[in-house]
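**Q** The sequence and its predicted three-dimensional model are supplied below.
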Amino acid sequence: MLKKKSLSDIIILVKDGGKMTFSSKIKKEISTTECTRAEYLSELSGIIRTSAEIKIYNIKIQTENKFVANRIFGLFKILYDINLNISLRKNYNFKKNEIYVLELKKDTLKVLRDLGIVSEKNELLRIPSESLLSDEELRRAYLRGVFLVSGSLNDPKTSRYHLEFLINDTEYANFLNKLLNDNNLNSKILHRKKGYMIYIKEAEKISDFLRLIRAYNGVMYYEEIRVYREKINMTNRINNCEQANVEKMVATSNKLIKEINYIKEKHPELNDLYNKIYTKKDMSYWERLDKKVQEYADKNGFMYVIDEEPFFKNPTGKPIIINYFYHEKIRQLSKNK
């Protein structure tokens, strides 16, 4: 019995490229994803609707990515047993890159109807048929196809977090943006001269998208880098906070030294009191001051409280005197003396 051919068995000859970008690595990974026929249809629909040049008797798809070219060729072979015409041409905007051109020149209308891109009346549908997006797996497959031909993702190790899709028309861009946000990906649209950019900038949401399209190796790499960067950022914040605290302590100490020197110079009579309180730990001065302030408050009808005690509005309407110095610790030290 013949073994059923899988997508990974279908390989076309393409030139080997140079060093791969992070986006290319993700596309390489998802280009080997095996799934159901219905999912293949949704994925191919996303590819064709997003990037193909569609005519009644011709469908043309162009890509610089060899893995994407292989995937598209394989999808047509699996679904329709069709060998696409493939050609290679120079990209004069980027001399080092070459473009793979894949063309379908037969059964075009049948394929487009099957992929939910044109109606039975041969009219181009602005958004794909609901049958291709009827469950979660089909929607994931559709987004996988969209990413293959229009998605770009920065490497989190070397750049900021950024995932984007470049889309030509307004209605389709809004449709894709809604499809992404139905999965809580917090994507946004930016209008550009030659179309629209749908983008995601949150690291966690980008990881969720990679998981959505089954780029599991990409998810592991992305999460590893994300956690590492967050650890570094947290360490920097802690160090900055500690540095700020040290600078604040130094500034406070310098201010205190300056004030002490001022007292020594301008009010030498207070030196003995300072030494008595802060060197000999004699708190009797605060105790005497507390009694004097209490007497003054009683004499004038003022409310007098220690900072640690609860207090309310003075019923007499007169001011409240609050002693911020004679707190519990000092009172205890006074008693011990």
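**A** Thanks, I have the structure now. Every value quoted in this text rests on a predicted model; they were computed, and no experiment measured them. Residues are numbered from 1 along each chain as shown.
**Q** Okay, now the unreliable bits of the stretch 101-250 of the chain?
**A** Of all residues in the stretch 101-250 of the chain, none has pLDDT under 70.
**Q** And the helices in it, which stretches?
**A** Remark: helices assigned in the stretch 101-250 of the chain by DSSP state H, counting those that start in this stretch are 108-114, 136-150, 170-181, 203-212, 216-266.
**Q** Make JSON lines out of those helices and add mean neighbour count and distance to residue 196.
**A** Quick note: C-beta positions are derived from backbone N, CA and C, even for glycine. As requested, these are arranged in JSON lines below (neighbours: other Cβ atoms under 10 Å; distance: least, Cβ to Cβ, whole Å):
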{"stretch": "helix 108-114", "mean neighbour count": "16", "distance to residue 196": "23"}
{"stretch": "helix 136-150", "mean neighbour count": "23", "distance to residue 196": "11"}
{"stretch": "helix 170-181", "mean neighbour count": "17", "distance to residue 196": "4"}
{"stretch": "helix 203-212", "mean neighbour count": "19", "distance to residue 196": "18"}
{"stretch": "helix 216-266", "mean neighbour count": "12", "distance to residue 196": "24"}
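**Q** Reformat those helices as JSON lines; add distance to residue 97.
**A** Rendered in JSON lines, the data for the helices of the stretch 101-250 of the chain read as follows (distance: least, Cβ to Cβ, whole Å):
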{"stretch": "helix 108-114", "distance to residue 97": "28"}
{"stretch": "helix 136-150", "distance to residue 97": "15"}
{"stretch": "helix 170-181", "distance to residue 97": "26"}
{"stretch": "helix 203-212", "distance to residue 97": "24"}
{"stretch": "helix 216-266", "distance to residue 97": "22"}
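**Q** Select, out of these, the one closest to residue 52.
**A** Between residue 52 and the helices of the stretch 101-250 of the chain, the shortest gap by Cβ to Cβ is with helix 136-150, which sits at 8.3 Å.
**Q** Ok, which of the helices of the stretch 101-250 of the chain comes nearest residue 45?
**A** If you check each of the helices of the stretch 101-250 of the chain against residue 45 by Cβ to Cβ, helix 136-150 wins as the nearest, at 6.4 Å.
**Q** where does residue 89 land in three-state SS?
**A** With DSSP: H, G, I helix; E, B strand; the rest coil as the basis, the three-state label of residue 89 is strand.
**Q** same check, this time on residue 100
**A** When the structure is reduced to helix, strand and coil (three-state DSSP), residue 100 reads as strand.
**Q** Can you read off the pLDDT for it?
**A** What the model reports for residue 100 is a pLDDT of 91.
**Q** Look up how far residue 22 lies from it.
**A** The gap separating residue 100 from residue 22 is 20 Å, by Cβ to Cβ, to the nearest Å.
**Q** When those two are compared, which one has more neighbours?
**A** Ranked by neighbour count (other Cβ atoms under 10 Å), residue 100 and residue 22 place residue 100 first, with 22 against 18.
**Q** Might you report the residue contacts of residue 164?
**A** 151-153, 197-200 (Cβ atoms under 8 Å, 6 or more residues apart in numbering).
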